[in-house]
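Participant: Predicted coordinates and the sequence they were generated for:
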Amino acid sequence: MTDPSAPASPLPGATAALVLADGTVFWGRGLGAAVTRVGEVCFNTSMSGYQEILTDPSYAGQIITFTFPHIGNVGANPNDLESTTPASLGCVLRADVTDPSNYRSQRHLDDWLKSVDLPGIAGVDTRRLTRRIRDLGAPSGALCHAPDGAIDVAALQKLAAEWPGLEGMDLAKEVSCSQTYIWTETLWDFADDGRSDGFGTLAEPKFHVVAVDYGAKRNILRNLASQGCRVTVVPASATADEILGHKPDGVFLANGPGDPAATGVYAVPELRRLIDSGVPMFGICLGHQMLALALGAKTEKMHMGHRGANHPVKDLETGKVEITSQNHGFVVAEGSLPSGVTVTHRSLFDGTVEGLKVDGKPVFSVQYHPEASPGPMDSHYLFARFRELMERNA
Ligand SMILES: NC(=O)CC[C@H](N)C(=O)O
C-alpha cells in the first residue's frame, strides 16, 4: 500500500525507486525481477562486463550503480557468468536498456535479470548518486521494483535505515561452495571469437593448487588452470589440515564478499598454519586481506571503496604501472603491518596498499583482481608468478 504522506513521484509512471537511509529518493523505471532488496549502494566505473560484475560473488550485500550510461546493450549470455546465482542485490542504471546488439548475445538483460531474481532501476541520475557516494560514503539503500507503481517510500527508508551495514558481516560463508570440487576449465580462446563455448580443458596438469573459496570468480580458477594447475576448490571453512591433506603444490586464497575481520574469526588461525607450512600461497582481494590478518595486520572499511576497471596500481619492485580491475570496500591498514611483510603494490588513486609479500616465504597477495573479468589484462603476470613460486618450491 502506498503511504499517503510519502513524497509523490516526480517521475510520471515510475515503477521503481532507490531509497537511501537518509530518505533521499531516486525514482526510475523498473527492470528485472519485481522485488525489493536492501543493502549497501556502491558504484562501479567499468565501461563493459556488467554481467561479470553482477555475478561476482564479492558483491554480496551490495546494490551496484553503473556509472557507464549504456548498460545492457550487448545483451546477456551464459559464458560471461562468474557464478551461477548472483550474490549482488541489483543494479542502478542511467539509460533504459536498448535491444541487444552483439553476436554473443543470447537474451535481453531484462530477461536475464528476471531469470536470476535481480531487480534493476533505469532512468536514475547516476552522476548525482555517484557524487553522493563519493562525498558521504557508501550508504545503505532499498531498491524496489513495483510494476504497478505502488512504492512505499517511508517503508523503504525504514528498511534501509535498519540494515546493519557490511562491517562485521561474514558473507563468505553464504557464497562459498559447500562441497570440495575439482576445476580444470581453462581461459576463453579468443581465436574462437566467442561464437561457441570456447573454454578449454587442462590436458596435463603440472601443479595441484587448493583454492579456498571465499566467493571465487570462475575466471580466477580458469587463469590458474591456464597456468597448468589442477585446482581443488575447498569451502571457506576448510582447516589447514584438510587443505594440506590434499598435498597441494600451492594454496590460493580467493576473492569474496563482506568484512574480512568477520571472516577471519574462523579462517585466520588456519591461514597462520598454512603460512608456517612453507607452501607457496597467493591471495586475491578478500584472500589478500585474510592473509594480512593472519600475518597480524588489521583491515578497515574504506570511505567509498575501489570498484572499476581503470585503477592504476604501481608495482613498487619493477616501477611499472598496471591498469587494474578492482572491487573492494575494505583495505589493509598499512600502519598495522608487522615487520617481515613488504608492500609490493600501491594504488595511484589514493596510495593505499595493493600488494604484499612475506619476506623469506613464497607468499604474496594483491588487493585487486588480476583475472580482470572485466578489465585490462595487465596483471595476468601474477598467475605466472604464482606458478614460478611453485616451480621453485618443487
Ligand atoms: N573482491 C573482493 O574480494 C572484496 C573483498 C572485501 N569483501 C571488500 O569489500 O573489501
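Facilitator: Now that the structure is in, tell me what you want to look at. Residues are numbered from 1 along each chain as shown.
Participant: show me where this structure has helices.
Facilitator: Along the chain, counting by DSSP state H, helices occupy 50-54, 109-115, 126-136, 153-162, 172-175, 218-226, 240-245, 260-277, 286-294, 381-393.
Participant: Look up how far Glu354 lies from Gly160.
Facilitator: Slight slip there: residue 160 is Ala, not Gly. Separation of Ala160 from Glu354 (Cβ to Cβ, to the nearest Å) stands at 31 Å. Any C-beta I mention is one placed from the backbone N, CA and C, and that applies to glycine too.
Participant: can you check Gly375 too?
Facilitator: To Glu354, Gly375 is 14 Å away according to Cβ to Cβ.
Participant: picking up where we left off before, more crowded one of Ala160 and Glu354?
Facilitator: Using other Cβ atoms under 10 Å, the more surrounded residue of Ala160 and Glu354 is Glu354, with 30 against 24.
Participant: who touches the more buried one in this structure?
Facilitator: Contacts for Glu354 (Cβ atoms under 8 Å, 6 or more residues apart in numbering) come out as Val313, Thr324, His345, Arg346, Ser347, Val366, Gln367, Tyr368.
Participant: what's the answer for Arg307, then?
Facilitator: Shown in contact with Arg307 (Cβ under 8 Å, 6+ apart): Cys42, Phe43, Asn44, Thr45, Ser46, Ile64, Gln326, Asn327, His328.
Participant: Next: Pro86.
Facilitator: Counting by Cβ under 8 Å, 6+ apart, Pro86 has contacts Leu54, Thr55, Tyr59, Val116, Leu118.
Participant: Ignoring the adjacent residues along the chain, who's closest to Asn255?
Facilitator: Cys285 (3.9 Å; Cβ to Cβ, 6 or more residues apart in numbering).
Participant: Can you report phi and psi for that neighbour?
Facilitator: phi 60, psi -110 (degrees, to the nearest 10).
Participant: looking at it, it is touching Pro370, isn't it?
Facilitator: No - under the criterion of Cβ atoms under 8 Å, Cys285 makes no contact with Pro370, lying 9.7 Å away.
Participant: Those two: who's more crowded?
Facilitator: Cys285 (29 against 24).
Participant: Let me know the pLDDT of the more buried one.
Facilitator: On pLDDT, Cys285 comes in at 98.
Participant: cool, Thr201 as well?
Facilitator: 89.
Participant: before we move on, what about Gly32?
Facilitator: Looking at Gly32, its pLDDT stands at 98.
Participant: My read is that it contacts Pro119, right?
Facilitator: Yes - if you go by Cβ under 8 Å, Gly32 and Pro119 touch, sitting 5.0 Å apart.
Participant: Which neighbours do these two have in common?
Facilitator: Common contact partners of Gly32 and Pro119 (Cβ under 8 Å, 6+ apart): Gly90, Leu113, His145.
Participant: Looking at those, state which has the most neighbours.
Facilitator: Going by other Cβ under 10 Å, Gly90 tops the shared contacts of Gly32 and Pro119 with 30 neighbours.
Participant: Just the closest residue of the stretch 1-150 of the chain to the ligand, please.
Facilitator: When distances are taken as Cβ to the nearest ligand atom, the stretch 1-150 of the chain reaches nearest to the ligand at Ser58, 3.3 Å away.
Participant: near the ligand, which of the contacts of Arg307 show up?
Facilitator: Contacts with the ligand within the contacts of Arg307, counted by Cβ under 6 Å from any ligand atom: Asn327, His328.
Participant: between the contacts of Arg307, which is closest to Ala225?
Facilitator: Nearest to Ala225 out of the contacts of Arg307 is Asn327 (Cβ to Cβ; 21.9 Å).
Participant: My understanding was that that closest one contacts Ala372; is that so?
Facilitator: No - judged on Cβ under 8 Å, Asn327 makes no contact with Ala372 at a distance of 11.1 Å.
Participant: what about those two, which has more around it?
Facilitator: Taking neighbours as other Cβ under 10 Å, Asn327 and Ala372 compare with Asn327 leading, 28 against 22.
Participant: Tell me the confidence at that one?
Facilitator: Asn327 is assigned 98 on the pLDDT scale.
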